[in-house]
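Undergrad: what's the 3D shape of this:
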Amino acid sequence: MSHISQIQIDDRNLPPPTPEIEQERKVAMFDLLEENTFNLPKRDDRLVPNGPYAVNLSIREKRLVFDVNSEVGEKAGEFHLSLSPFRQVVKDYWAICQSYYDAVKTLPPSQIETIDMARRGIHNEGARVLQERLEGKADIDNDTARRLFTLICVLHFGG
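TA: Residues are numbered from 1 along each chain as shown. Have a look, this model is predicted:
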């Protein structure tokens, strides 16, 4: 299995991120680059450059775009995913994150833990949706899917 060695997020058309969103983004990018699994399956009709890969994530025409190149800049693939399957889980994820950020400031640890468990559950659901949407396009493990889902949330909700 190969991996992502570089990740870029095209956020040019987004409002400036809140401090919480910026922190989520930084952590997800750091964790993703530290350890991930990302492999483009071979196809009969084309040669696929081997990884590691440089990935650019963007939203174009209401679609999530993965632009994938080899480390030396050779085009490896580009796939466009509908945002529709992500909308509700992204919305739920940011709502529970906001509850979590608020809870950390005022609630006891037991209540924070309960909210964090719910947040992890929604995060896992988003990762599952991403893995399903990437089926046949890219093979990723659960941890990679979770980190990429966080970056999709950043793109989806911006600031």
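Undergrad: three-state assignment of the nearest residue to Ile96 once chain neighbours are set aside?
TA: Closest residue in space to Ile96, ignoring its immediate chain neighbours: Arg119 at 4.6 Å, by C-beta to C-beta, 6 or more residues apart in numbering. C-betas here are computed from N, CA, C, even on glycine. Secondary structure state of Arg119, per DSSP: H, G, I helix; E, B strand; the rest coil, is helix.
Undergrad: Arg119 touches Tyr100, doesn't it?
TA: Yes: between Arg119 and Tyr100 there is a contact under C-beta atoms under 8 Å: 5.4 Å.
Undergrad: Now the residue of the chain positioned farthest from its centre. Its backbone dihedrals?
TA: The C-alpha centroid of the chain is most remote from Pro108, which lies 30.1 Å away (C-alpha atoms, centre = their mean). Torsion angles at Pro108 (phi, psi; degrees, to the nearest 10) stand at phi -70, psi 160.
Undergrad: so how far is Arg25 from it?
TA: 29 Å (C-beta to C-beta, to the nearest Å).
Undergrad: Also Glu78?
TA: Distance from Glu78 to Arg25, by C-beta to C-beta: 22 Å.
Undergrad: ditto for Val89
TA: Taken as C-beta to C-beta, the span from Val89 to Arg25 is 18 Å.
Undergrad: One more: Asn36?
TA: Taken as C-beta to C-beta, the span from Asn36 to Arg25 is 16 Å.
Undergrad: quick one: which of these two has more around it?
TA: Remark: of Asn36 and Arg25, Asn36 carries more neighbours, 23 against 18, as counted by other C-beta atoms under 10 Å.
Undergrad: doesn't Arg147 make contact with the more buried one?
TA: Yes: under the criterion of C-beta under 8 Å, Asn36 makes contact with Arg147 at 6.8 Å.
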